[in-house]
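Engineer: I would like to see how this sequence folds:
(2 chains)
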Amino acid sequence: MKFKEVGIHPPVLDGVDAMGFENTTPIQEKAIPIILEKKDLIACAQTGTGKTAAFLLPTMQQIHDQADHGNIDALVVVPTRELAIQIDQQIQGLGYFVDISSVAVYGGGDGVSWEVQKKALLKGANIVIATPGRMIAHLNQEYVDLSKVKHFILDEADRMLDMGFYDDLKKIMKFIPKDCQRLMFSATMPPKIRTLAKEILNEPEEVSIAISKPSENILQGAFMIHDGQKSALIHHIFSAKKMDSVIVFLSRKSEVDKIAREISKLGVNAAPIHSGLEQSKRESVLQDFINKKINVLVATDVMSRGIDIKGIDMVINYNVPGDAADYVHRIGRTGRADANGVAFTFVNEEDMYNFSNIETLIGKEIQKIRLPEHIGEGPVYNPKQRSFKPRGGSSGGSKGKRRPPKK
DNA sequence: AAAAAAC
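Structural biologist: Next up is the predicted model:
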């Protein structure tokens, strides 16, 4: 469908044209008319499906049509700082022909960034995109007026709950007027999310787009491999072919640093990114990766959700994410829009159980690839292998050993 | 099981 047909008109439509979007994605086709009707909405969709534009376009259009400036009209809450920045940038692009201001409100910056945010909040930026902690910090200073907010959007709702943002979320929502339109986006729809939706939404419409299915454009493969063989395989992969843009995911920050150094030693332009770095470093690394000045981004799951970068050739899971849904998010960084992508996953003995859960979630077997001969034999795939090693002794284990607390 | 997020 065309954006015109779902109710988007100039000047918002001009921004859509300028960005080169021609047809709506399924989530946009379903969600935009509902949002324009000012209804509450719960939508099940991953990023890469055009989700952000699905809520930004109708929200910007409503703000423009009410022509009521000088207030904070919309509040978008997201789980990570980089996502806040990215959505802010998308507003700059999509809203180029609309007189709408926006500000990304997130922590980690210097005193200047606090002041910039404070100023924009005081002035009443039309759309505020915030991470929870920093939003609350500003609200505590009592100069932010959210009483005119007409659109509240909760993005990556499942991740927000995973990260323990429930209380923060409720705190923020206390400042939002009752009659405000509320939209909730989530990649998955577990009972916890349903409960939250019941709690914060008012007779919501529901839209669901084929979930937890990675794009067909992504060629997925897995290597059964011992930890000691992983370096050799990384070496093999990066020497086989020159790649412009690769993300290597690991679960631990310390491992991310280590592997980034290791890959750099191969003569590849690699850099780590995780929450342990200074925010300015995070932003410059990400920018360099977007500009292809850095070719390999070694990352924790801070990068696994929402981040939309064009032209990523390959995703490597150096380990298997513990949560199967995270696998779908990680590999979803490649194969975006109509591009093709490759996703390799390294599976060691302890990862096998989690890996089989991933295959169950996505409903298909991921092709097992033989290790190159010079690396040797990896472990044999055993889907029942649990992700923890049974510790010596009986199954009841440590409980019996625990001493009663003194006092 | 770790990660993320406020000074």
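
Engineer: need the three-state assignment for residue A:248.
Structural biologist: Three-state call for residue A:248 (DSSP: H, G, I helix; E, B strand; the rest coil): strand.

Engineer: I'd say it and residue A:298 touch.
Structural biologist: Yes. Under the criterion of C-beta atoms under 8 Å, residue A:248 is in contact with residue A:298, at a separation of 4.7 Å. The way it works is simple: take the backbone N, C-alpha and C, and place the C-beta from them, glycine included.

Engineer: who has more neighbours, those two?
Structural biologist: residue A:298 (29 against 24; other C-beta atoms under 10 Å).

Engineer: mind checking pLDDT for that one?
Structural biologist: The score at residue A:298 is 97. That number is its pLDDT.

Engineer: assumed it was part of a strand.
Structural biologist: Yes. Assessed by three-state DSSP, residue A:298 belongs to a strand.

Engineer: mutual contacts of residue A:248 and residue A:298, please.
Structural biologist: A:259, A:263, A:270 (C-beta atoms under 8 Å, 6 or more residues apart in numbering).

Engineer: what about the second one, how many neighbours?
Structural biologist: With neighbours defined by other C-beta under 10 Å, the count for residue A:263 comes to 25.

Engineer: excluding sequence neighbours, find me the nearest residue to it.
Structural biologist: Leaving out its chain neighbours, the residue that sits closest to residue A:263 by C-beta to C-beta, 6 or more residues apart in numbering is residue A:270, at 4.0 Å.

Engineer: only the buried residues of stretch A:185-197, if you could.
Structural biologist: A:185-189, A:193, A:196-197 (16 or more other C-beta atoms under 10 Å).

Engineer: just stretch A:299-316 next, same as before
Structural biologist: Within stretch A:299-316, judged by 16+ other C-beta under 10 Å, the buried ones are A:299-309, A:312-316.

Engineer: just stretch A:258-265 next, same as before
Structural biologist: For stretch A:258-265, a neighbour-count test (16+ other C-beta under 10 Å) marks A:259-260, A:262-263 as buried.

Engineer: can you list the residues of the stretch 251-400 of chain A near DNA strand B?
Structural biologist: Residues of the stretch 251-400 of chain A lying near DNA strand B by C-beta under 7 Å from any atom of the strand: A:251-254, A:274-276, A:300-302, A:321-323, A:326, A:387-388.

Engineer: got the domain boundaries for chain A?
Structural biologist: Domain assignment for chain A, taken from automatic domain parsing, gives A:12-208, A:218-375.

Engineer: can you give me the end-to-end span of the first one?
Structural biologist: This points to domain A:12-208. The first and final residues of domain A:12-208 sit 25 Å from each other (C-alpha to C-alpha, to the nearest Å).

Engineer: point me to the residue sitting closest to the centre of chain A.
Structural biologist: Against the mean C-alpha coordinate of chain A, by C-alpha atoms, centre = their mean, the closest residue is residue A:305 at 1.7 Å.

Engineer: for the nearest residue to that one once chain neighbours are set aside, list the residues it contacts.
Structural biologist: Excluding its sequence neighbours, the residue lying closest to residue A:305 (C-beta to C-beta, 6+ apart) is residue A:329, at 5.0 Å. Taking C-beta under 8 Å, 6+ apart as the criterion, residue A:329 is in contact with A:46, A:187, A:301, A:304-305.

Engineer: secondary structure element for residue A:329?
Structural biologist: Secondary structure from DSSP states H and E places residue A:329 in helix A:324-331.

Engineer: ditto for residue A:58
Structural biologist: Element membership for residue A:58, per DSSP H and E: helix A:51-66.

Engineer: tell me how far that helix lies from the chain's centre.
Structural biologist: Computed by C-alpha atoms, centre = their mean, to the nearest Å, the chain-centroid distance of helix A:51-66 equals 21 Å.

Engineer: following that helix, which helix or strand comes up?
Structural biologist: Following helix A:51-66 in sequence order, the next helix or strand is strand A:74-77 (DSSP H and E).

Engineer: what lines up beside that next one in the sheet?
Structural biologist: For strand A:74-77, the paired strands and their directions (DSSP bridges) read strand A:127-130 (parallel), strand A:151-154 (parallel).

Engineer: starting at the chain centroid, how far to the first one?
Structural biologist: So the one you mean is strand A:127-130. Centre to centre, stretch against its chain (C-alpha atoms, centre = their mean), the figure for strand A:127-130 is 16 Å.

Engineer: swap in the last one?
Structural biologist: The gap between where strand A:151-154 is centred and where its chain is centred comes out at 17 Å by C-alpha atoms, centre = their mean.

Engineer: could you give the mean pLDDT of it?
Structural biologist: For strand A:151-154, the mean pLDDT works out to 97.

Engineer: contacting residues around that strand?
Structural biologist: Residues from elsewhere that reach strand A:151-154, judged by C-beta under 8 Å, 6+ apart: A:55, A:59, A:62-63, A:73-77, A:160, A:169, A:173, A:176, A:180-185, A:200.
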